[in-house]
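K.L.:
Got a predicted structure plus its sequence, pasted below:
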Amino acid sequence: MKTLHIAFRNIFRNSRRSLMTILAIAVSSIAIHLFGGYVANIIYGMQSNYVRDNGHLQVYQEGFFDYGAGNPVAYGISRYQDLIHLITNDPQLKEHVVIATPILKFFGIAGNFKKDTSKTFFGIGYIPSDLKKMREWNDYAMQIRKSRLNRIVLADDDIDAGIIGEGMARMLLLCEELNVKNCKEKPQEKIEDKSAAKEDFSFLEETKGVNDPSEGIDKRPRLDLLAATAGGAPNIVTMYVNNTEIQGVKAIDDNYAAMNISLAQRLLYGKGEKKATGIVIQLRHTKDIPFAKVRLKQIFDEHKLDLEIKDYTLIVPMYRQVISFLFALFSFISTIMVIIVLFTIINTMTMSVMERVDEIGTIRALGLRRGGILRQFIAEGLVLGALGATLGTIASVMIATGINSSGIMWTPPNYVDPVPLKIMIFLNPFLSPGCWLGMVMLAVVSSIVPARKAGKMVIVDALRHV
C-alpha cells in the first residue's frame, strides 16, 4: 500500500505529462467501450430479429436442409402435430421451449390475371398467432418495433389470406390496390394478339376458398397460386392479399409470399394428408440451444425419427458473416488503441526514469534493492492505467447514455425500418470489466521495460549523473 501511495505522488510530479497519459488511456478506453457497445447492440439486435422470425431451432426431415430447395414437398413431415406434442411435453424440454410451430416452405407461380401478369414466388405457410407470439421474444430487453408487430395482419381463421413482398406487389401490378409507398407500376404491356383467348386454369383448383370473388363478397386483391402437389399434379388456389411486407433484401422481397399454413397445405397436398416441411422451435434463452439440440437428438433417436436439427446461425448464414466482420473490425480498432496506449506509457515512464536518475542512485545507496526500484516504477504504471481506465469507463457510460437518449435513428444491416441508435455497453457483461482490466494490465506491461532500465543502473554512475 505504501508503494502505491508513493507511486501516486510520483506520477504527479510532472502533472501535465501524467495527465496527457491518463487522457490517452481514457480515450482509448472510450473508443473500445463505445464501439464494443455499438457492436453488441447490432449482434444482439440481429439475433433477436432472426429468433423472432425463424426461432432458435428448426426441425426438418433428413436431407431437407441440403436438398429440400429443389423439391420441398418431398421432404414433408407426416403427423407433425404429434411431433410438436412430443417436443413441448418432454419433461426436460418443456421448461425451455416457448413455442413449437409448423411451417411449410415451397415454390410456385403467382398470377394476377386481371392485369395479365404472373411470376414465380417463394412461399411460406405458418400459423399467424404463433408467429405473433414468437415476435414478442425479447431475451435481451431490446426495443421491439410496434410496426413490426403490426405487420402481422393475418388471422388464424382467415385461411385464404396472405402477405407478399413490396417488390412482388410491384411486379404483379398491385401497388395501387395495396397502397404501397414509392411503388410505381409499369404500364401494362400491349398484347400483340388481342383476339387470343385467355387460358383458364380454374379447373385445377381442388377446393374453393372461403370467399369466392364471384359472389362479390371479398374485395381484397386476389392472386392465383399455382404449384405442383405432392403427387406431381398441378394445383391452383386463390389467395387474397391483406398487405405487403418489405423484406430488406431485394431478391427475397421480389419473390416473397406468406400465408396461412392451411392455404399452403391445400395448394400442395390437396385432399391428401397435410404435412409441414419444418417445425420452428423458439426457446426462452439462446444459451439453451446446445442442451435443446442434444435432447432433441435423443428424442428422435428413441422414436427412430429421421429428422435433422438446425439452429438459426445455419438457417441465416449472414448472421455469422456479420459477426465475423464486426469481430474483425472491433479487433482492428482495439489493436490500434492498444498500440497508442503502449507507446504513450513507455514514453512517459522512460522520461520519468531519465529525470530521476539521481534519485534512483540515492535510494539505491540507502539500501533499496533493484527489485524495489522495479516494483516502484511498475506501481506507477499501474496507477496510471487504473486512473485512465476508470476515467474512460465513467466517460463511456456518460457518452453512451447521452447517445441512447438523443433519439438518433439509423437502419442497421438487413433491417427494414430505422431504429434508435443505441450503445449497449453492459449488454455484453465482459466488455467493461475486460476493457478496464486490459488497460491496467497494458499499463503494467508497458512499464516493465523502463522499470528494468531503472533497476539496472549502477549506483555510482547514477549519483554522479548531472
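P.N.:
Thanks, I have the structure now.
K.L.:
Identify the bridge partners of Asn260.
P.N.:
Tyr126 (DSSP bridges).
K.L.:
Gly162 and Asp224 touch, don't they?
P.N.:
No. Between Gly162 and Asp224 there is no contact under CB atoms under 8 Å: 11.7 Å. (Glycine included, C-beta is placed from N, CA and C.)
K.L.:
Comparing these two, which shows the higher neighbour count?
P.N.:
For the pair Gly162 and Asp224, the greater number of neighbours falls to Gly162 (26 against 18), based on other CB atoms under 10 Å.
K.L.:
List the contacts of that one.
P.N.:
The contact partners of Gly162, taken as CB atoms under 8 Å, 6 or more residues apart in numbering, are 154, 223, 239-242, 257-260, 263.
K.L.:
nearest to Ser29, of the residues you listed?
P.N.:
Ala258 (46.1 Å; CB to CB).
K.L.:
what is in contact with Gly162 and Asp224 at once?
P.N.:
Met239.
K.L.:
Where do the strands of this protein begin and end?
P.N.:
57-61, 97-112, 117-126, 161-164, 222-228, 234-244, 256-260, 278-283, 307-311, 409-410, 419-420 (DSSP state E).
K.L.:
Pipe these into a markdown table and attach mean pLDDT and distance to Arg16 per row.
P.N.:
Below are the strands of the chain laid out as a markdown table (pLDDT from 0 to 100; distance: least, CB to CB, whole Å):
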| stretch | mean pLDDT | distance to Arg16 |
| --- | --- | --- |
| strand 57-61 | 93 | 59 |
| strand 97-112 | 92 | 58 |
| strand 117-126 | 91 | 65 |
| strand 161-164 | 92 | 65 |
| strand 222-228 | 91 | 74 |
| strand 234-244 | 90 | 62 |
| strand 256-260 | 93 | 62 |
| strand 278-283 | 95 | 56 |
| strand 307-311 | 93 | 55 |
| strand 409-410 | 83 | 39 |
| strand 419-420 | 81 | 40 |
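K.L.:
Make a markdown table out of the ones you listed and add distance to Tyr269.
P.N.:
Compiled in a markdown table, those are given as follows (distance: least, CB to CB, whole Å):
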| stretch | distance to Tyr269 |
| --- | --- |
| strand 57-61 | 15 |
| strand 97-112 | 9 |
| strand 117-126 | 11 |
| strand 161-164 | 17 |
| strand 222-228 | 10 |
| strand 234-244 | 9 |
| strand 256-260 | 14 |
| strand 278-283 | 15 |
| strand 307-311 | 19 |
| strand 409-410 | 44 |
| strand 419-420 | 40 |
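K.L.:
Could you double-check that Met351 lies in contact with Ser18?
P.N.:
No. Between Met351 and Ser18 there is no contact, the gap being 10.4 Å when judged by CB under 8 Å.
K.L.:
more neighbours, those two?
P.N.:
When Met351 and Ser18 are compared for neighbours, Ser18 comes out ahead with 20 against 13, by other CB under 10 Å.
K.L.:
tell me the contacts of that one?
P.N.:
11-12, 348, 384.
K.L.:
repeat for Asp158
P.N.:
Counting by CB under 8 Å, 6+ apart, Asp158 makes contact with 242, 260.
K.L.:
Name the nearest of the contacts of Ser18 relative to Gly231.
P.N.:
Ranked by distance to Gly231 (CB to CB), those are led by Leu384 at 77.0 Å.
K.L.:
and the closest one, how many residues sit next to it?
P.N.:
If we define neighbours as other CB under 10 Å, then Leu384 has 29 of them.
K.L.:
What of Ala141?
P.N.:
Count around Ala141 with other CB under 10 Å applied: 10.
K.L.:
again with Phe327
P.N.:
For Phe327, using other CB under 10 Å, the count is 12.
K.L.:
next one: the one 3 residues further on
P.N.:
The tally of other residues near Phe330 (other CB under 10 Å) stands at 17.
K.L.:
Quick one: residues contacting Gly63.
P.N.:
If a contact means CB under 8 Å, 6+ apart, then Gly63 has 75, 308 as its contacts.
K.L.:
Let's see that with 6 Å instead.
P.N.:
Contact analysis of Gly63 by CB atoms under 6 Å, 6 or more residues apart in numbering lists nothing.
K.L.:
Can you list phi and psi of it for me?
P.N.:
Torsion angles at Gly63 (phi, psi; degrees, to the nearest 10) stand at phi 100, psi -10.
K.L.:
Quick check: it vs Arg16, distance?
P.N.:
70 Å (CB to CB, to the nearest Å).
K.L.:
and if you look at Met457?
P.N.:
26 Å.
K.L.:
So for those two, which sits in the more crowded spot?
P.N.:
Met457 (18 against 8).
K.L.:
so who does that one touch?
P.N.:
Contacts of Met457 were listed using CB under 6 Å, 6+ apart, and they are Ile360.
K.L.:
what's the distance between it and Phe377?
P.N.:
With CB to CB as the criterion, Met457 and Phe377 are 12 Å apart.
K.L.:
Same question for Arg364.
P.N.:
Taking CB to CB, one finds Arg364 at 13 Å from Phe377.
K.L.:
higher neighbour count, those two?
P.N.:
Phe377 (25 against 21).
K.L.:
Give the full set of residues in contact with the more buried one.
P.N.:
Residues near Phe377 by CB under 6 Å, 6+ apart: 447, 451, 454.
K.L.:
let's see it at 7 Å
P.N.:
349, 353, 447, 450-451, 454 (CB atoms under 7 Å, 6 or more residues apart in numbering).
K.L.:
Out of those residues, flag the one nearest to Asp82.
P.N.:
Ser447 (67.1 Å).
K.L.:
now the helices for the stretch 201-350 of the chain?
P.N.:
Assigned by DSSP state H, counting those that start in this stretch, the helices in the stretch 201-350 of the chain fall at 250-253, 261-269, 289-302, 312-315, 317-355.
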